[in-house]
Structure formats: structure tokens, C-alpha cells
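>>> let's see this in three dimensions:
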Amino acid sequence: MLLRVRVTLPDRPGTLGQVARTMGVSGADIVQVVVLERLGGRAVDDFTVVWPGAARVERLLAGLAAIPGVRVDGVWRAIGAPTTSGQDAELLAQVAANPVDGVATLVDAVPGLLAADWAVAAVVPVDWASRTGAAGEATVGYASWRAPVPPPLPEVTPLRARAISVAAGPHVAVAPFGRAGLVLVAARECAGTPAAAAFHATEVDRLAQLVRAAAVILGDRLDLVGAPPVAARP
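Numbering: from 1, shown residues only. Sure, this is the predicted structure:
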């Protein structure tokens, strides 16, 4: 199976090689490394690895923990193939080619692009966060195939893109379309040990860019998301 392993490590020569060697000895076959952040002598890297299903992840965690200065921020199962450059452009091309299903296309693709478990496009009231129990008032316009029913959406107003982690809930990244209270929510379930990492700022930015571009492409069609269907005349 594919695993995503997020590691914070010292940004100095040799440390990345130590991490890679430890993963190999533990049984992980590295297929991709993405640098999420490099700041103040520290780096945050996402490793996508092929992991033997029968092997215990604890062996990998113990090996990484033994490397001075290395911290494992999360380990979780990835969906689909590792992301490559050009996938975002290809997705937006698909949205433009079939705008009728544009929101559905975007929502279905986001979990694979961001190593998330599910995604939804939801319409929320502007004062959502200030209402008591308002989470239930969100209207789900489209949900990916693994989304729970109803999805546990965070209580946020659709003003800006952000990452949110709540107690006993999934890690989520939220990005507004900029009209009609429509937001796209991507989620990683964080139950279990080891657990998934929260969404990094670079992942939130990527989601926001996709959503903004899709909003330009789809325009007024976004106002129809979550609207009740119009009954056909007899």
C-alpha cells in the first residue's frame, strides 16, 4: 500500500540521506519526496512510500526517531498515485472541458492530489461560525466517494483558505470559491496511531489556487451548487 510519511528534519547535508536509508531498511520503497518547507535550519518533507502490508509501521517510526533531530509528524495511507507536476493543470482542463460537472470533477480529484480521505463542496451561511449548532445547516452540493454522511464539517465562515484541526474530528483544509457561500473542504481522518498530519500551509495554498481557478472557469454555474433541483413540467 502507499503511505505518506511527513518528517521534520534538520536542514543539513546528510540528514535526508539518513532518513531515506532508514526507510529502506525498514522496508519502505520511496517513490516520491516533496519538500513542503525549508526555514530556520529545519525542513518539512513528505515521503510517499510503498509499504508492505504485513509489516508493522512501528519499526519505521522507531528507526526515524533514532535519527538526531528528526521528528515524524504523521503517517497515513495515501490514495492513488503520487502527485506529479502538471496534474493541477490537467484537472482544470477537465473542469473547463465539462463545466456542467466541473465542481464534481474538482471534488473527486482533490483527495488524490492532497493525500486526503474525502472532500465535499458545501454551501454555508456567511454567519455560520456565530450560530449555535450551525454546522448542520450547511448544504452539501457534492461529496467524494469516501465522504461520510453527513460529513463532519468545521464551523467556519467562508472568508479565506485555512487549515483546521478539531478535537475528535478530522484535519481539514477549507478554501472558498468566493461566491454564494460555497467552500471546498478536504479532510484527513486522524484516528488511530500513527495518525495523519494536519494540512500544511503549502497544501492549503495549492487547494486555494485550484478553487480560485475553478471559480473563474465555472462562473455563474457555482450559484447552482446545492440548489434544489427544478422539477420537470409534465
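>>> hey, where'd the strands end up in this protein?
Counting by DSSP state E, the chain forms strands over residues 2-10, 29-39, 42-50, 71-77, 118-123, 139-143, 162-165, 171-176, 182-188, given from the N-terminal end onward.
>>> quick check: which of those strands is nearest to Ala213?
In this view, these are compared for proximity to Ala213 by C-beta to C-beta, and strand 171-176 is the closest at 11.0 Å. Every C-beta, even on glycine, is put in place using the N, C-alpha and C of the backbone.
>>> orientation of the closest one relative to strand 71-77 in degrees?
Orientation of strand 171-176 against strand 71-77 (axes from the mean of the first three to the mean of the last three C-alpha atoms, to 10 degrees) gives an angle of 80 degrees.
>>> direction included, what does strand 171-176 pair against?
Next to strand 171-176 in the sheet, as set by DSSP bridges, lie strand 162-165 (antiparallel), strand 182-188 (antiparallel).
>>> pull out the buried positions in the first one.
Residues 162-164 are the ones in strand 162-165 that count as buried (16 or more other C-beta atoms under 10 Å).
>>> for those, which one is nearest Gly27?
Each of these was scored against Gly27 by C-beta to C-beta, and Ala163 proved nearest at 30.8 Å.
>>> need the residues that contact stretch 207-224.
Residues external to stretch 207-224 that are found in contact with it (C-beta atoms under 8 Å, 6 or more residues apart in numbering): 88, 91-92, 95-96, 99-100, 102-103, 106, 110, 113-114, 161, 173, 175-180, 182, 184, 186, 199.
>>> select only the buried ones of those in ChimeraX?
This is how ChimeraX selects the buried members of the contacts of stretch 207-224, with burial counted by 16+ other C-beta under 10 Å:
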select :88,91,92,95,102,103,106,110,113,114,161,173,175,176,177,180,182,184,186,199
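>>> the contacts of stretch 207-224 in helices, which ones?
Among these, the members found in helices (DSSP state H) are 88, 91-92, 95-96, 102-103, 106, 110, 113.
>>> from those, pick the one nearest Thr15.
Closest approach to Thr15 among those (C-beta to C-beta): Leu113, at 27.8 Å.
>>> residues contacting the closest one?
Applying C-beta under 8 Å, 6+ apart to Leu113 gives the contacts 83, 87-88, 91, 206, 210.
>>> can you check Ala138 too?
122-124, 128, 153.
>>> can you add distance to Leu39 and give the ones in helices among the contacts of stretch 207-224 back as TSV?
Compiled in TSV, the ones in helices among the contacts of stretch 207-224 are given as follows (distance: C-beta to C-beta, whole Å):
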residue	distance to Leu39
Asp88	24
Leu91	29
Leu92	29
Val95	33
Ala96	35
Gly102	36
Val103	35
Leu106	30
Val110	26
Leu113	24
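>>> and which of the residues you listed is nearest Pro10?
Leu113 (28.8 Å).
>>> fine, thanks again, bye for now.
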